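J.: what follows is a predicted structure for the sequence shown.
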Amino acid sequence: MRQYLKYLFALLSACFVGFASNAQNDLQWFQKYVQQNKETILQQYIDFVNIPNVVSQKNAFAYNADYLFQFMQRAGIQNTLLLFTDNTKPPVVYGELMVPNATQTIVFYAHYDGQPADSSGWYKGLNPFKPSFFTNAINNGGKALTKDEWLKQLNDNFRIYARGAADDKAGVMAILQAFIALKKQNLLPTINVKFFFEGEEEAGSPNLAKILAHYKSLLQSDVWIICDGPQPANGKNLLSFGVRGDTHMDITLYGSKTPLHSGHYGNWAPSPAWNMVHLLASMKNDSGFVTIPNFYSDVQPISNAEKKVWNQIQQNDALLKEQFGFSGNEMNGISLINAIQLPTLNINGIASGHVGNLSTNSIPATASVSIDLRLVPGNDYIKQQQKVIQHITSKGYYVISHEPTNEERMKYPLIAKVETGSGYNAQKTPIDWPMSQQIIKEVNEVSPNGLIIMPLTGGSLPLIIIEQQLGAKAISLPIANYDDNQHAANENIRIGNFLNGIKEILSIMTMKNGQ
């Protein structure tokens, strides 16, 4: 394991020979800089996106980490390190720039791992792990171009389609390009900057707590800026001061040891598929609310200050429904803003037997479901899992964590194997905290279309782990387009969002009173 090597100020000075005094935050130079360097910025981003980054592909993670490590060293970022707890885990790629006389330190976080991708669900001709280039969103008339054509004709509405393009390689590269932009302008940040690029976020960050604890002295800071997630559909920038927690569960129900002929044994042999349907239906009512006892009982009420912010946010539910192609809500009469303030119980996928051309006249032997639970402040992920397990037990199931034995099959008519995943709880940073107000002011100044402040957003990040291990607050700065399709087929990034994200990050790196 590489040990933390404290570098000397002389090394910093040598790297930044010719840098002028600290940046001024009007950033009037940025537009011209982008016009002069756009092709280079995007080519470097494309090179990074071109490396597959799915959790199960260990070699791909080595390539991603090595690419970032080498890229950061070439960019002049100091103390570049690979942080890990053992040799088998994707490392955190770390670097820093300690600025003379700066009194505040900010860690910029993004993750380089991505979700799995099934190419059969992507638009015809697209490969999730080979970037494709379009003049707009494909469902909005975007036309395919070669990479060279695309780079030569660039405008803000152009898109890149690839797994990880938005979630979250856009965040990683926007942070690095903000640093590079300052360096090319011979400017220093006004704050100490630390870079923290994780490789296990999509797997639930199972080793993050260990890494933060082991490198606690290295990672001391005032606040973490989390560059992940999409912006609103109205084109405004967004700062989020809270995220929901997340955990997962897998449930398997059992019938016979093997599938049985539905003619010979139908109405007699147990059907795990029907049992699963009934079990899941018992967990929610027709209005979309979870009926599991005490599921909402520990939710913290929102503060008056947060209510004021929520009330000022313009609703865009109708636009989103039109874009996504549905007209009803799961929770009747509940807006999106109000829905994300509640914990969820979501079905990720169900499997039992086969359908379509593969369907057979048989009673499946098992039925399985994967569910995720999003958590809000007040929820504990282990307690939420236990509430689900207790509900399953109350429906007459013998709950186990292993494949049932013959003895168990003969003794218990209803058996459920429940596998609980790791998780983390929700996290909030006070909006009225002085540094929160400072960052709001700086980002607002580079937000010509306006800035939305969210006390809590719907996605999940392991920010509570950062707060628990380091005592640092966290603020999320999403930059991706609202229709980026992250975690789904046809993931994409709008170039205008990517470039605007660089400017937002620059506004924080060059905060006027950051010294």
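T.: All right, it came through fine.

J.: would you put the C-alpha positions of stretch 441-448 in CSV?
T.: Output in CSV follows, covering the C-alpha atoms of stretch 441-448 (Å, rounded to 0.1, in the frame of the first residue of the first chain):
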residue,chain,number,x,y,z
LYS,A,441,-23.2,32.8,-3.6
GLU,A,442,-20.3,31.7,-5.9
VAL,A,443,-22.3,29.2,-8.0
ASN,A,444,-25.2,31.5,-8.3
GLU,A,445,-22.9,34.1,-9.9
VAL,A,446,-22.1,31.7,-12.8
SER,A,447,-25.7,30.5,-13.2
PRO,A,448,-27.3,32.7,-15.9
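
J.: buried residues in that stretch?
T.: Of all the residues in stretch 441-448, those buried under the rule 16 or more other C-beta atoms under 10 Å are E442, V443, V446, S447. Where C-beta positions appear, they are placed from N, C-alpha and C, glycine not excepted.

J.: out of these, who's nearest Q300?
T.: For those, the minimum distance to Q300 (C-beta to C-beta) is 26.4 Å, reached by V443.

J.: quick one: that closest one and I508 touch, right?
T.: Yes. Contact criterion C-beta atoms under 8 Å: V443 and I508 qualify, at 6.9 Å.

J.: what residues are shared contacts of these two?
T.: L477 (C-beta atoms under 8 Å, 6 or more residues apart in numbering).

J.: excluding sequence neighbours, find me the nearest residue to F61.
T.: Using C-beta to C-beta, 6 or more residues apart in numbering and skipping residues adjacent in sequence, the residue nearest F61 is P90, 4.2 Å away.

J.: could you report the neighbour count for the one you found?
T.: Taking other C-beta atoms under 10 Å as the criterion, the count of residues near P90 is 24.

J.: now do the SS call for it.
T.: coil (DSSP: H, G, I helix; E, B strand; the rest coil).

J.: quick check: it touching H111?
T.: No. Assessed by C-beta under 8 Å, P90 is found out of contact with H111, at 9.6 Å.

J.: can you list residues touching both of those two?
T.: G199, E200.

J.: so what's the residue lying closest to G229 once chain neighbours are set aside up against?
T.: Of all residues not flanking G229 in the chain, P478 sits nearest, at 3.6 Å (C-beta to C-beta, 6+ apart). Each residue near P478 by C-beta under 8 Å, 6+ apart is listed here: C227, D228, G229, P230, Q231, L238, S240, T457.

J.: can you do 10 Å?
T.: 166, 168, 170-171, 226-232, 237-240, 454, 457, 459, 484, 497, 501, 504 (C-beta atoms under 10 Å, 6 or more residues apart in numbering).

J.: which of the residues you listed count as buried?
T.: By 16+ other C-beta under 10 Å, those give 166, 168, 170-171, 226-232, 237-240, 454, 457, 459, 484, 497, 501, 504 as buried.

J.: so who does the nearest residue to S447 once chain neighbours are set aside touch?
T.: Nearest residue to S447, sequence neighbours excluded (C-beta to C-beta, 6+ apart): N237, at 4.2 Å. Taking C-beta under 10 Å, 6+ apart, we find N237 in contact with 231, 443-444, 446-452, 477-479, 497, 500-501, 503-504, 507.

J.: in strands only, show me the residues you listed.
T.: L451, I452 (DSSP state E).

J.: which ones among the contacts of N237 lie within helices?
T.: V443, N444, N497, N500, G501, K503, E504, S507 (DSSP state H).

J.: closest one of those residues to R159?
T.: N497 (9.8 Å).

J.: could you dump stretch 78-85 to CSV, C-alpha only?
T.: Output of stretch 78-85 as CSV, limited to C-alpha atoms (Å, rounded to 0.1, in the frame of the first residue of the first chain):
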residue,chain,number,x,y,z
GLN,A,78,0.6,17.0,-6.6
ASN,A,79,0.8,14.0,-4.2
THR,A,80,-1.1,11.7,-6.6
LEU,A,81,-1.8,8.4,-4.8
LEU,A,82,-3.8,5.3,-5.1
LEU,A,83,-5.7,4.7,-1.8
PHE,A,84,-7.0,1.2,-1.0
THR,A,85,-7.5,-1.2,1.8
